[in-house]
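Novice: here's my sequence, what's the structure:
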Amino acid sequence: MYTTEELKEIVEKTLGNIKYPELPSELYAPISYSLSVGGKRTRPVLALMSANLFTDRMTDKVILPAVGLEVFHGFTLVHDDIMDKADMRRNQVTVHKKWNQNVAILSGDAMLIEAYKLISRSDPAYLLDILQCFNKTASEVCEGQQYDMNYENSPVITEDDYLRMIRLKTASLMATGTRIGAMAVGAPAADCERMYKFGLNIGWAFQIQDDLLDTYGETKVFGKMRGRDIAANKKTYLLVLAIRLAKDEQKQQLNALLKVHDMPVEEKFAAVKSIYDELKIKDFAQDKIKSYFRIAIKEIESVDVKPERKKNLLSFTNALMGREA
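Specialist: Residues are numbered from 1 along each chain as shown. Purely as a prediction, here's the structure:
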């Protein structure tokens, strides 16, 4: 069995060994830059851990598709940062700010192609199934992003609307990673499905936790500026809950704040957070995270391998859900 650190080292080494053409530098340098600024490498590590449940052989036919998921994730972040007008990512300047928007768009497109190159290095025996799985998810991620943009102009969305959006935009890629990890080593179909459900529930929990950290996290730990979602009137799980639970006066205050675009960021953040605190939104969000986490753990417990082989994945999952808030 591999430790979390050993698998992360494999991912980092593989990413570091990928050589992109030197020219045109504006196309390829941003790829190297965006993949070098850190991150927990959650998706490829989860994929490799999923594979490691069933085998101790970490060949390129398993490692490269897992790393391809990280490159694809990088592509989505480059484009998301453009749409969100974000200046910082993981405490580093975003690609469109370091170069320009056109460079970021094209370089992001190239990252998508590079992701497919890596995923296509899967074992030929499983390649078609893996590609079909990944293709479905790649489309879902784009659908989720479109819903996210649509919701920016919607005064109210339901909790179900929001959960559908994050399933597509965030959870589906984590779920596909854990499924592809199992598929890449020939795991039984039933266990591949369990790994998918595990990843899906972890993905839901992860995104809601991300929403929570945007309001209650620390920038130096979280890696992003706190309050970005509030400043941008972004529909988060916290805001959806607050609009549903708010009493008349609180709802009027929230709606008024959502219509303001020229208020100083810290002032707007403090006003919205004050309403969240009154409604105990943090507690509700934490309960939802725990609910998804429990379902995910049940799926792992159902996977047909010896309990000792699950310990590392369970430990990593616990740590993942324990990000500082």
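
Novice: who's in contact with residue 251?
Specialist: Listed by CB atoms under 8 Å, 6 or more residues apart in numbering, the contact partners of residue 251 are residue 243. (C-beta placed from N, C-alpha, C; glycine too.)

Novice: tell me the pLDDT of it.
Specialist: Model confidence at residue 251, expressed as pLDDT, equals 93.

Novice: how about residue 226, secondary structure?
Specialist: The three-state label given to residue 226 by DSSP: H, G, I helix; E, B strand; the rest coil is coil.

Novice: for it, give me its contacts.
Specialist: Residues near residue 226 by CB under 8 Å, 6+ apart: 214, 215, 217, 218, 219, 269.

Novice: touching, the first one and residue 229? I think so.
Specialist: Translated: residue 214. Yes: judged on CB atoms under 8 Å, residue 214 makes contact with residue 229 at a distance of 4.6 Å.

Novice: what comes up buried for stretch 268-286?
Specialist: The neighbour-count check on stretch 268-286 (16 or more other CB atoms under 10 Å) flags 268-269, 271-273, 275-276, 279, 281-282, 284-286 as buried.

Novice: equivalent analysis for stretch 157-172, please.
Specialist: Within stretch 157-172, the residues scored as buried using 16+ other CB under 10 Å are 157, 162, 163, 165, 166, 167, 168, 169, 170, 171, 172.

Novice: for residue 294, list the residues it contacts.
Specialist: No contacts exist for residue 294 under CB under 8 Å, 6+ apart.

Novice: please renumber so the chain begins at 49
Specialist: That works, and once the first residue is 49, the last one we named lands at residue 342.

Novice: what is the subsequent helix or strand relative to the helix or strand hosting it?
Specialist: In this assignment (DSSP states H and E), residue 342 forms part of helix 329-350. Remark: after helix 329-350, the chain's next helix or strand is helix 359-368, criterion DSSP H and E.

Novice: how far off helix 329-350 does that following helix point, in degrees?
Specialist: Per axes from the mean of the first three to the mean of the last three CA atoms, to 10 degrees, the angle that helix 359-368 makes with helix 329-350 is 170 degrees.

Novice: show me what counts as buried in helix 359-368.
Specialist: Within helix 359-368, the residues that count as buried by 16+ other CB under 10 Å are 360, 361, 364, 365, 368.

Novice: now the element after the lowest-mean-pLDDT helix or strand in the chain, going C-ward?
Specialist: Counting by mean pLDDT, DSSP states H and E, the weakest-scoring helix or strand in the chain turns out to be helix 267-270, with a mean of 54. Per DSSP H and E, helix 267-270 leads on to helix 276-279 as the next helix or strand towards the C-terminus.

Novice: need the residues that contact the helix or strand just after that next one.
Specialist: Per DSSP H and E, the first helix or strand lying C-terminal to helix 276-279 is helix 285-293. Applying CB under 8 Å, 6+ apart, the external contacts of helix 285-293 come out as 204-207, 209-210, 214, 255-256, 259-260, 263, 277-278, 298-299, 302, 320, 323-324, 327, 329-330, 332-333, 336.

Novice: can you do 7 Å?
Specialist: Identification of contacts with helix 285-293 by CB atoms under 7 Å, 6 or more residues apart in numbering yields 204-205, 207, 210, 256, 259-260, 263, 299, 302, 323-324, 327, 329, 332-333.

Novice: and for stretch 237-244?
Specialist: For stretch 237-244, the surrounding residues in contact (CB under 7 Å, 6+ apart) are 98, 223, 226, 227, 229, 230, 231, 347, 350, 351, 352.
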